[in-house]
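Undergrad: Predicted coordinates and the sequence they were generated for:
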Amino acid sequence: MTDVKKRVCVVGSGNWGSAIAKIVGNNVLAHDDMFETEVFMYVYEEIVNGQKLTDIINSEHENVKYLPEIKLPANVIAVPDVVKACNDADILIFVLPHQFVKETCLKMKQFIKPNALGISLIKGFILTESDGIQLVSKVISETLGIETAVLMGANLATEVASEMFCETTIACENESYKPLLTALFETSYFRCKVIKNVAGVEACGALKNVVGIGAGIVDGLGYGDNTKAAVIRLGLMEMMKFTKVFLGNDDKSVFFESCGVADLVATCHGGRNRLLGEAVVKSMKKRGIAGVDIRLLEKEILRGQSFQGPLIAKEIYSYLKDNSMLEQFPLLVAIHRICTREVDPRNFIDCLRDHPEHM
Ligand SMILES: NC(=O)C1=CN([C@@H]2O[C@H](COP(=O)(O)OP(=O)(O)OC[C@H]3O[C@@H](n4cnc5c(N)ncnc54)[C@H](O)[C@@H]3O)[C@@H](O)[C@H]2O)C=CC1
Ligand SMILES: O=C(CO)COP(=O)(O)O
């Protein structure tokens, strides 16, 4: 990248996409020596209350569907065409549910600047038939041919948007980007720490979504905080072990950054994936296991937002199965099987009780 002012595009506009657009919109104004002050935000177009969501955002400066009651800075412009949104951008902030990443990148591919920098805020893996599971940052990087950093942390979007203090972890292999990334994301209430372990940070972000479902399952079953703490601890042990085998790297320090234990705790208490775990148990009590329908629960509870945990559980399961490691990760495997209705959620406590960590 050159020293001229950088143009920023946010690719995505859900709950977190809109919250980060608020921060980035304000920060480019505060650092107008470094950044162009207009920020394009790619919005997957839909009709809300009879109007296009992009028109509502551009006139009311509020994403009424995904982040209601939070005003976005007026320099954040909603754009329904991803090619127009990313054209001429030097910095591309990816914040879409991970299942839409590949198709979105393929649309952008021919139109982005070759020296653009990507930053992925996406928590998940991408499962392909040929290569198994891959890091989202790697898919972005390889599809677009650009360097890609990541930002993950204990960052429940509505709390961040309401300016409640939190920390986050940014990882970037090229340390020279640190001042740029800090200027773009840091605020008095959103404290950024920049480290180098991109893959480790990203693995934490993906894995904790699955453990969050487990926390919700024990809530739904009526257990208390001690049981949830056991889910968090055993979940953390499996997250660390999975990261070691999947990445071939045993850097445990990453788990003590915001993207690690802190995000796990935040998700297990206040995340959408926790809500899902609880809803699965309630739904099972009402309708029996056969009546549990995750996509229906997503529609009823989130009204357009998405639960990433069940997809990520499936991605992890596929990796573990291919590598004959299912028995070594009973908690992650049980959560996948509960989501796919193969296992009754009431058996989850047996999984905790008989966990290999206790042997
Ligand atoms: N919401 C949160 O508190 C946080 C979310 N994240 C992560 O951020 C990522 C994005 O999540 P959110 O912003 O919360 O989204 P969301 O779950 O609130 O909303 C779903 C988004 O997907 C879009 N969409 C639907 N179909 C699409 C398609 N075919 N192509 C492209 N987009 C489509 C919708 O328009 C909407 O913007 C996820 O990986 C999530 O794990 C990370 C930190 C916090
Ligand atoms: O990643 C998150 C908080 O850091 C949000 O988690 P949920 O998707 O479970 O709400």
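TA: Thanks, I have it. Ligands and ions are numbered 1, 2, ... in the order given.

Undergrad: what about the residue in the chain that ligand 2 sits nearest to, distance to Val210?
TA: With CB to the nearest ligand atom as the measure, the residue in the chain that lies nearest ligand 2 is Gly271; the distance is 2.7 Å. Placement of C-beta: from N, CA and C, glycine included. Distance of Gly271 to Val210, given as CB to CB, to the nearest Å: 11 Å.

Undergrad: For Thr2, give me the pLDDT.
TA: Here, the pLDDT recorded for Thr2 equals 57.

Undergrad: Also the one 5 residues further on?
TA: According to the prediction, Arg7 has pLDDT 98.

Undergrad: Please name the spatially closest residue to it (chain neighbours excluded).
TA: Distances taken as CB to CB, 6 or more residues apart in numbering place Glu36 nearest to Arg7, at 4.4 Å, with adjacent residues excluded.

Undergrad: quick check, that neighbour in a strand?
TA: Yes: counting by DSSP: H, G, I helix; E, B strand; the rest coil, Glu36 falls inside a strand.

Undergrad: Quick one: neighbours of it, just the number.
TA: If you count neighbours by other CB atoms under 10 Å, Glu36 ends up with 18.

Undergrad: List the contacts of it.
TA: In this structure, Glu36 makes contact with 5-8, 28, judged by CB atoms under 8 Å, 6 or more residues apart in numbering.

Undergrad: Run a quick neighbour tally on the residue nearest to the residue of the chain closest to ligand 2 when sequence neighbours are not counted.
TA: Of all residues not flanking Gly271 in the chain, Gly212 sits nearest, at 4.6 Å (CB to CB, 6+ apart). Residues within reach of Gly212, counting by other CB under 10 Å, total 33.

Undergrad: more crowded one of Gly271 and Val210?
TA: It is Val210, of Gly271 and Val210, that has more neighbours when counted by other CB under 10 Å, with 32 against 26.

Undergrad: domains for the chain, by residue range?
TA: Following the TED database, one gets these domains for the chain: 6-196, 200-358.

Undergrad: In what element of secondary structure is the residue nearest the centre of the chain found?
TA: The centre of the chain sits closest to Lys123, judged by CA atoms, centre = their mean, with a distance of 2.9 Å. Here Lys123 sits in a region with no helix or strand, counting by DSSP states H and E.

Undergrad: Report the separation between it and Asn249.
TA: 19 Å.

Undergrad: what does Met359 give?
TA: From Met359 across to Asn249, the span is 26 Å (CB to CB).

Undergrad: Excluding sequence neighbours, find me the nearest residue to the residue of the stretch 1-150 of the chain found nearest ligand 1.
TA: Nearest to ligand 1, among the residues of the stretch 1-150 of the chain, is Gly14, at 2.2 Å (CB to the nearest ligand atom). The shortest distance from Gly14 to any non-neighbouring residue, by CB to CB, 6+ apart, is to Tyr66 (4.8 Å).

Undergrad: Would it be right to say that that neighbour lies in a helix?
TA: No: judged by three-state DSSP, Tyr66 forms no part of a helix; its state is coil.

Undergrad: would you list every one of the helices in the stretch 51-200 of the chain?
TA: 53-60, 82-86, 101-108, 136-144, 157-161, 178-185, 198-220 (DSSP state H, counting those that start in this stretch).

Undergrad: The closest residue to ligand 1 within the stretch 201-350 of the chain pairs with what?
TA: Residue of the stretch 201-350 of the chain nearest ligand 1, by CB to the nearest ligand atom: Gln305 (3.5 Å). Gln305 forms beta bridges with Arg303, as assigned by DSSP bridges.

Undergrad: I figured it hits Asn15, correct?
TA: Yes: when contacts are counted by CB atoms under 8 Å, Gln305 is listed as touching Asn15 (5.4 Å).

Undergrad: So for the two, which residues contact both of them?
TA: The overlap between the contact sets of Gln305 and Asn15 (CB under 8 Å, 6+ apart) consists of Tyr66.

Undergrad: So for the two, which sits in the more crowded spot?
TA: For the pair Gln305 and Asn15, the greater number of neighbours falls to Asn15 (24 against 17), based on other CB under 10 Å.

Undergrad: my read: the more buried one touches Val160, true?
TA: No: contact between Asn15 and Val160 fails when scored by CB under 8 Å: they sit 9.8 Å apart.

Undergrad: quick one, strands of the chain?
TA: Counting by DSSP state E, the segments of the chain that form strands are 6-11, 35-42, 47-48, 51-52, 76-79, 91-94, 117-120, 125-128, 132-135, 147-152, 166-171, 190-195.

Undergrad: JSON lines please, covering the ones you listed and showing distance to ligand 2.
TA: Shown next, in JSON lines, are the strands of the chain (distance: least, CB to the nearest ligand atom, whole Å):
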{"stretch": "strand 6-11", "distance to ligand 2": "17"}
{"stretch": "strand 35-42", "distance to ligand 2": "19"}
{"stretch": "strand 47-48", "distance to ligand 2": "21"}
{"stretch": "strand 51-52", "distance to ligand 2": "26"}
{"stretch": "strand 76-79", "distance to ligand 2": "21"}
{"stretch": "strand 91-94", "distance to ligand 2": "14"}
{"stretch": "strand 117-120", "distance to ligand 2": "13"}
{"stretch": "strand 125-128", "distance to ligand 2": "14"}
{"stretch": "strand 132-135", "distance to ligand 2": "16"}
{"stretch": "strand 147-152", "distance to ligand 2": "7"}
{"stretch": "strand 166-171", "distance to ligand 2": "9"}
{"stretch": "strand 190-195", "distance to ligand 2": "12"}
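
Undergrad: now those strands as TSV including distance to Ser324?
TA: Rendered in TSV, the data for these read as follows (distance: least, CB to CB, whole Å):
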stretch	distance to Ser324
strand 6-11	37
strand 35-42	41
strand 47-48	47
strand 51-52	50
strand 76-79	46
strand 91-94	33
strand 117-120	30
strand 125-128	18
strand 132-135	14
strand 147-152	29
strand 166-171	30
strand 190-195	33
